[in-house]
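Colleague: pasting the structure only:
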């Protein structure tokens, strides 16, 4: 029996360590590929999963959102439990809800929040080694905080974009200009972890990792606050610091307007 | 040039996921084996590492202690940094200090503390899946706390010992009697993690995992507080609940009297 098509939204977390990123690839194991394969298995349909965005190889997520359409009558709860029993523990489905047909995981997204974790103690505990960068050299947090405040607002972030990588079709016609609503660095004395958090209306390819890489250069005294400001104004990738490694980065949350469900 | 032999003490953490436990084995990769191999490589000596105890396959440590003797003149700092650069990130050396010749990682140990972590939320976050058991069914924490209080003090823990496994040579002549100084369950509302902590003068094989397995049966209402007490008094392994899996268990700390260093 075939049913009216429904649109379902998934809230997903994953440990990106062993995956070739989010996006489906024919010869590599990816998060999108694994979830699609199991949804197709559950429904008998050829399911296409639309994610809120891509994450690169090795990047983690605590709040990826995706949607798919199905004519199956499988309930949201059965989808959630079924996927969690079929998928490896590195990929978890936290929520499955039916949404309006005009909801789109990517185009309806208003903001995204990314976190980047840096362990600053002398010796990195084994159980966080896959989920945080280790930097044991002394960092000047005050200077880093001064710089991270400079990126809040609307800027051309070309200096922090990896070349040849911009998504052509979206967002339409705004080039490398993005608005950052919130950016901060939190220190935990207890865990010796620095958490960089960025919320914006969109992020260029590797933008968060390039920002963190450059902010860490500020922390080490290699780049001054003035130079950081000049890098932002330069609109030129070669001006900025190195790209921080993928394993410290988490897609934390995708924000939508309230009434989608 | 050969030097006076020194005894060095190591403070070690590890992610036990991919190791066949602590103890050296000819055909399997173990923590002791990996550290010994690299110490032998650094010193050119045939190093024998004495651990404070063994941990089973899959068990983690945040505070394992071990010692070894060497005639090399390598400094403690160089041992620490050298080991950390040679070892995989799953094994970390937090401290290397010279100790008196009468210090013995195992025989000088007065107490040990183990922790066992249980994630109690609906869906286990991927980044803690290797470091906590997942139990999403409702647990009665109050009853579990009542039972864990019963094991504090000196008891014959035969009911929580895996058979045929007692270490024959140590501790001398006290059978299955052990003293538990501290045992508690802490709940974090924030992380939805239950932490079971046990401090005692020694632990029988699988004792912590058998205690946790039985306490979880209490939490689920399968074993009453009265029955738990009877299990402890029965001195018979078949009376107790199942052995909780290894991946939730951490050797947290080994306690020594103060003046060893």
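Modeller: Received the coordinates, thanks. In this text the structure is predicted, and so the values were computed from the model without any measurement.
Colleague: all strands for the stretch 101-250 of chain A, in order.
Modeller: Using DSSP state E, counting those that start in this stretch, the strands of the stretch 101-250 of chain A run over A:111-119, A:133-134, A:153-156, A:177-188, A:193-200, A:249-255.
Colleague: Which one of those strands lies nearest to residue B:149?
Modeller: strand A:177-188 (31.7 Å; Cβ to Cβ). Placement of C-beta: from N, CA and C, glycine included.
Colleague: helices or strands next to the closest one in the packing?
Modeller: helix A:141-150, strand A:153-156, strand A:193-200 (3 or more Cβ pairs under 8 Å, 6 or more residues apart in numbering or on different chains; DSSP states H and E).
Colleague: Kindly reformat the ones you listed as TSV containing distance to chain B, mean pLDDT and mean neighbour count.
Modeller: Below are the helices and strands packed on strand A:177-188 laid out as TSV (distance: least, Cβ to the nearest Cβ, whole Å; pLDDT from 0 to 100; neighbours: other Cβ atoms under 10 Å in any protein chain shown):
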stretch	distance to chain B	mean pLDDT	mean neighbour count
helix A:141-150	23	98	17
strand A:153-156	31	96	15
strand A:193-200	13	98	21
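Colleague: Quick check: the residue of the stretch 151-261 of chain A nearest chain B.
Modeller: residue A:250 (8.7 Å; Cβ to the nearest Cβ).
Colleague: Correct me if wrong: that residue contacts residue A:113.
Modeller: No. Residue A:250 is beyond contact range of residue A:113, at 9.1 Å (criterion: Cβ atoms under 8 Å).
Colleague: Just want to know which of the two has more residues nearby.
Modeller: Each of residue A:250 and residue A:113 has its neighbours counted (other Cβ atoms under 10 Å in any protein chain shown); residue A:250 has more, 27 against 19.
Colleague: Pull the contacting residues for the more buried one.
Modeller: By Cβ atoms under 8 Å, 6 or more residues apart in numbering or on different chains, the contact list for residue A:250 reads A:59-62, A:114-117, A:131.
Colleague: among the strands of the stretch 101-250 of chain A, which is nearest residue A:125?
Modeller: Between the strands of the stretch 101-250 of chain A, strand A:111-119 lies closest to residue A:125; by Cβ to Cβ that is 7.5 Å.
Colleague: ok, and what's touching the closest one?
Modeller: A:52-53, A:62-63, A:125, A:128, A:131-135, A:181-182, A:191-203, A:208-209, A:212, A:216, A:244, A:248-255.
Colleague: What residues does chain A have near chain B?
Modeller: Contact residues (Cβ under 8 Å from any Cβ of the partner chain) of chain A with chain B: A:13-15, A:60, A:62, A:84, A:89-94, A:122-127, A:129-131.
Colleague: okay, and for chain A, where does confidence drop off?
Modeller: Along chain A, the model assigns pLDDT under 70 to residues A:1-2, A:163-173, A:259-261.
Colleague: quick one, helices of it?
Modeller: A:31-43, A:76-86, A:141-150, A:207-219, A:225-234 (DSSP state H).
Colleague: Can you report how many residues neighbour residue A:10?
Modeller: 23.
Colleague: residues in contact with it?
Modeller: Residue A:10 neighbours (Cβ under 8 Å, 6+ apart): A:35, A:49, A:65-68, A:83, A:93, A:95-96.
Colleague: ChimeraX command to pick out the buried ones of those residues?
Modeller: Buried members of the contacts of residue A:10, defined by 16 or more other Cβ atoms under 10 Å in any protein chain shown, are picked up in ChimeraX with:
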select /A:35,49,65,66,67,68,83,93,96
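Colleague: Count the neighbours of residue A:222 for me.
Modeller: Neighbour count of residue A:222, defined by other Cβ under 10 Å: 11.
Colleague: Residue A:87 versus residue A:228, what's the distance?
Modeller: 41 Å (Cβ to Cβ, to the nearest Å).
Colleague: same question but for residue A:223, I mixed them up
Modeller: On the measure of Cβ to Cβ, residue A:223 and residue A:87 end up 42 Å apart.
Colleague: Compare the two and say which is more crowded by neighbours.
Modeller: residue A:223 (21 against 18).
Colleague: before we move on, the earlier item: buried subset of the contacts of strand A:111-119?
Modeller: A:52-53, A:62-63, A:125, A:128, A:131-135, A:192-203, A:208-209, A:212, A:216, A:244, A:248-255.
Colleague: still on that earlier bit, and the residues of chain A next to chain B, which are buried?
Modeller: For the residues of chain A next to chain B, buried by 16+ other Cβ under 10 Å: A:13-15, A:60, A:62, A:84, A:90-94, A:123-127, A:129-131.
Colleague: Adding distance to residue B:238 as columns, could you present the helices and strands packed on strand A:177-188 in a markdown table?
Modeller: A markdown table is the format used below for the helices and strands packed on strand A:177-188 (distance: least, Cβ to Cβ, whole Å):
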| stretch | distance to residue B:238 |
| --- | --- |
| helix A:141-150 | 57 |
| strand A:153-156 | 68 |
| strand A:193-200 | 45 |
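Colleague: Compare the ones you listed and give me the one nearest residue A:5.
Modeller: Short answer: strand A:193-200, nearest of those by Cβ to Cβ, at 32.8 Å.
Colleague: just checking, what packs against the closest one?
Modeller: Counting by 3+ Cβ pairs under 8 Å, 6+ apart, strand A:193-200 packs on strand A:111-119, strand A:177-188, helix A:207-219.
Colleague: before we move on, back to that, could the strands of the stretch 101-250 of chain A go into JSON lines alongside distance to residue B:27?
Modeller: Converted to JSON lines, the strands of the stretch 101-250 of chain A look like this (distance: least, Cβ to Cβ, whole Å):
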{"stretch": "strand A:111-119", "distance to residue B:27": "34"}
{"stretch": "strand A:133-134", "distance to residue B:27": "32"}
{"stretch": "strand A:153-156", "distance to residue B:27": "58"}
{"stretch": "strand A:177-188", "distance to residue B:27": "42"}
{"stretch": "strand A:193-200", "distance to residue B:27": "38"}
{"stretch": "strand A:249-255", "distance to residue B:27": "38"}
